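J.: Sequence plus predicted model, see below.
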Amino acid sequence: MTSSPKPLPDQWTINLHPVANLTILTLLDDAGVQREIGFSPLTPPGTTDRTVGALSEIADPGLRASAQKLISTFYERTARAQANADAFGAAVPDQRHLFDRLRSVVPGCLIELDVDDETLAVILKMTATGSAAGALLSLVARWPGSITADGQADGITQDLDGGDLTMRLDQAHAEDFLTWFRSQP
């Protein structure tokens, strides 16, 4: 079953920017913020740097197909990010409670959820300063999933900037860490 092409969202545009023998296509939202970028090889003669508000404004079929692919990619990536966020919510339905508890164990800990631009998976970011940084490091070190025989587990990063410690856990590790933390006294 083939689905029909996805439309350009209302008030959104596509910027066409020819460079040498390719055209850079940039999907812009209604505020002009870049949402997706793609390329079309072999720029048709006469292609000018312009912004269009509808696919019908692109005369060349190949360039129009590239623009449609850009829109489809945006919808696919959005759906994948939403599916990952939904899966995270299902795996950690009590995340608000766990975050509050984490802040009581690591006072002043800033906890953020984000989406990785490449994998579109959820990222748990925890930042603590001063003595709280030591408490955060100690807590994560107690969690069995934080290390492997080769050292720190893939999917976990830590950055120390001045007195600020930031720990980032990819979605699988974040789910595992929060599940473990839930069972801690």
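T.: Done, it's in. In this text the structure is predicted, and so the values were computed from the model without any measurement.
J.: residue ranges for the helices of the protein, please.
T.: In the chain, the helices defined using DSSP state H lie at 61-91, 95-105, 131-142, 171-182.
J.: tell me the domain boundaries of the chain?
T.: What automatic domain parsing lists as the domains of the chain is 13-84, 92-182.
J.: ok, and the closest non-adjacent residue to Thr26?
T.: Asn15 (4.3 Å; C-beta to C-beta, 6 or more residues apart in numbering). Every residue, glycine included, has its C-beta placed from N, CA and C.
J.: List the residues that contact the one you found.
T.: Ile24, Leu25, Thr26, Leu28, Asp49, Arg50, Thr51 (C-beta atoms under 8 Å, 6 or more residues apart in numbering).
J.: and those, which are buried?
T.: Among the contacts of Asn15, those scoring as buried are Leu25, Thr26, Leu28 (criterion: 16 or more other C-beta atoms under 10 Å).
J.: Let me know the closest of those to His97.
T.: Distances from His97 to these, taken as C-beta to C-beta, are shortest for Leu28 (38.9 Å).
J.: sorry, back to before: save the contacts of Asn15 as JSON lines, and put in pLDDT too.
T.: Below are those laid out as JSON lines (pLDDT from 0 to 100):
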{"residue": "Ile24", "pLDDT": "97"}
{"residue": "Leu25", "pLDDT": "97"}
{"residue": "Thr26", "pLDDT": "98"}
{"residue": "Leu28", "pLDDT": "98"}
{"residue": "Asp49", "pLDDT": "95"}
{"residue": "Arg50", "pLDDT": "96"}
{"residue": "Thr51", "pLDDT": "97"}
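J.: Closest one to Gln95 out of the residues you listed, please.
T.: Minimum distance to Gln95 across the contacts of Asn15 is 32.6 Å, recorded for Leu28 (C-beta to C-beta).
J.: Which two of the contacts of Asn15 have the greatest separation?
T.: Greatest spacing in the contacts of Asn15, by C-beta to C-beta: Leu28 and Asp49 (13.7 Å).
J.: export the domains of the chain to CSV and tack on distance to Lys6?
T.: Listed next are those as CSV, based on distance: least, C-beta to C-beta, whole Å:
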stretch, distance to Lys6
domain 13-84, 5
domain 92-182, 17
